[in-house]
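K.L.:
Below are the sequence and a predicted model; questions follow.
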Amino acid sequence: MQSFPVTRTSAPKTRPADETLRFGEVFTDHMFMMEYHEGRGWHDPRIVPYAPFSMDPACCVLHYAQAVFDGLKAFRGADGQVRIFRADRHAARLNKSCDLLCIPRLDPAVVEDSFRALIEVDQEWVPAKHGTALYIRPTVIATETFLGVHPSHSYLYYVILSPVGAYYKEGLNPVKILVSDEHVRAVPGGLGSAKTAGNYAASLYAAQEAEKKGYTQVLWLDGRQREFLDEVGTMNIMLRIGDTIVTPPLSNGTILDGVTRNSVLALLRDWGLPVEERAISIHEVTKAHSEGQLTEMWGTGTAAVISPVGELGYKDNRMVINEGRIGDLTQRLYDAITSIQYGATNDAHGWITTVPTKQHAA
């Protein structure tokens with residue numbers, strides 16, 4: 001692993017108790033930083049105390065949203081070992097997002113080393129309670145000062161860490177999802193497959209409207225016909241119709257290539273279950289529900305891991321799924337993935353990266 005210069009904070013913060021953790025509200029003592037300048041490339045990687053940035057009011061990212069990020073987690077197992085889940089795939093996806101935003105690619109090895117090195121410095125912040133984790137947020141923003149629409153010539157890559165609890169207040173309990181046929185998140189040829197700030201800004205209004213109606217999140221339909229399932233909130237979506245698991249394909253470029261999605265599909269195929277990555281219309285979903293064939297539905301994502309859907313709202317139809325309870329396969333998937341993440345079962349796919357750790361003080 002590559003080593004980086006470290007400047008340690010002179011004012012360490014108090015680490016919150018594991019049982020008080022929510023999602024993304026507290027941050028560790030340090031962060032990783034590295035700059036890019038045209039003609040010089042990426043340079044000066046370092047770990048420094050967590051602190052605010054100073055930015056010019058005309059900074060490119062503030063006006064043209066040339067920014068990408070990713071999100072992954074580190075877990076502390078019962079043995080005290082800290083494990084990062086699928087760091088290599090997250091580093092690769094960060095670069096795919098960079099490509100779509102005209103941001104220079106980073107060396108994937110440096111990105112992975114930035115995760116490990118920063119966690120090693122702030123390892124006391126990795127919570128130990130099952131269901132908690134250390135969320136890792138790598139981000140790239142454009143930093144050139146100008147007003148005019150063109151790619152920046154300078155960038156900042158940084159990584160921050162946050163000890164977290166459950167993403168949704170419901171935890172692993174089923175959530176209520178509203179299908180939106182009025183608003184869209186992404187269209188073919190756009191940035192739907194990139195993890196970029198604009199995609200999340202585009203989701204806020206519809207999500208707020210859904211919350212007013214008593215729903216947790218929005219299930220997006222395709223931007224052209226407003227008929228085919230896309231994503232749900234910040235997650236990929238999967239359905240069990242009869243004995244087959246169905247999930248929308250990545251081929252149209254509107255859906256984020258979810259790392260948890262990829263992991264779930266690998267496990268399902270390991271288990272010999274029939275899986276289809278194909279277009280699925282909301283009309284097929286409602287028909288399957290009316291015929292009693294829609295037995296389970298869940299979202300997949302780094303933040304929530306697996307989020308069961310207990311109710312789906314579409315127009316005036318409120319469809320209760322599996323009597324509003326978590327399904328057997330949904331539970332099995334959650335248990336399988338979290339067991340790998342916490343080191344309780346064998347990592348047959350090589351998804352885990354370990355971090356050098358010292359004795360953890362509980």
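P.N.:
Arrived safely.
K.L.:
most centrally placed residue in the protein?
P.N.:
residue 302 (4.1 Å; C-alpha atoms, centre = their mean).
K.L.:
List the residues that contact that residue.
P.N.:
Residues near residue 302 by C-beta atoms under 8 Å, 6 or more residues apart in numbering: 71, 72, 73, 258, 259, 260. Any C-beta I mention is one placed from the backbone N, CA and C, and that applies to glycine too.
K.L.:
and if you look at residue 61?
P.N.:
Residue 61 neighbours (C-beta under 8 Å, 6+ apart): 55, 67, 141, 142, 143, 152.
K.L.:
try residue 284
P.N.:
Applying C-beta under 8 Å, 6+ apart to residue 284 gives the contacts residue 241.
K.L.:
and if you look at the one 5 residues further on?
P.N.:
Taking C-beta under 8 Å, 6+ apart as the criterion, residue 289 is in contact with 312, 319, 321.
K.L.:
count of residues packed around residue 16?
P.N.:
Neighbourhood size, residue 16 [other C-beta atoms under 10 Å]: 15.
K.L.:
Do you know the pLDDT at it?
P.N.:
pLDDT for residue 16: 95.
K.L.:
which non-adjacent residue is nearest it?
P.N.:
Residue nearest to residue 16 in three dimensions, not counting chain neighbours: residue 26, with 5.7 Å by C-beta to C-beta, 6 or more residues apart in numbering.
K.L.:
which stretches of the protein have low pLDDT?
P.N.:
169-171, 359-362 (pLDDT under 70).
K.L.:
Domain map for it?
P.N.:
The chain is divided into the following domains under automatic domain parsing: 18-169, 175-325.
K.L.:
mind checking the SS state of residue 223?
P.N.:
The three-state label given to residue 223 by DSSP: H, G, I helix; E, B strand; the rest coil is coil.
K.L.:
Please determine how far it is located from residue 308.
P.N.:
From residue 223 over to residue 308 the distance is 27 Å, taken as C-beta to C-beta, to the nearest Å.
K.L.:
How about residue 44?
P.N.:
45 Å.
K.L.:
Residue 343: which of the domains of the chain is closest?
P.N.:
The closest of the domains of the chain to residue 343 is domain 18-169. By C-beta to C-beta, the value is 3.5 Å.
K.L.:
Check the offset of that closest one from the chain's centre.
P.N.:
In terms of C-alpha atoms, centre = their mean, to the nearest Å, the centre of domain 18-169 is found 12 Å from the chain centre.
K.L.:
Please enumerate the strands of the stretch 151-300 of the chain.
P.N.:
Assigned strands in the stretch 151-300 of the chain, in chain order: 154-164, 175-180, 217-221, 229-232, 236-241, 244-247, 275-277, 294-301 (criterion: DSSP state E, counting those that start in this stretch).
K.L.:
quick one: whichever helix in the chain runs longest to strand 217-221, angle?
P.N.:
Longest helix in the chain, counting residues (DSSP state H): helix 197-212. With axes from the mean of the first three to the mean of the last three C-alpha atoms, to 10 degrees applied, the angle from helix 197-212 to strand 217-221 works out at 120 degrees.
K.L.:
what about residue 44 and residue 308, which has more around it?
P.N.:
Neighbour count, other C-beta under 10 Å: between residue 44 and residue 308, residue 308 has more, with 25 against 12.
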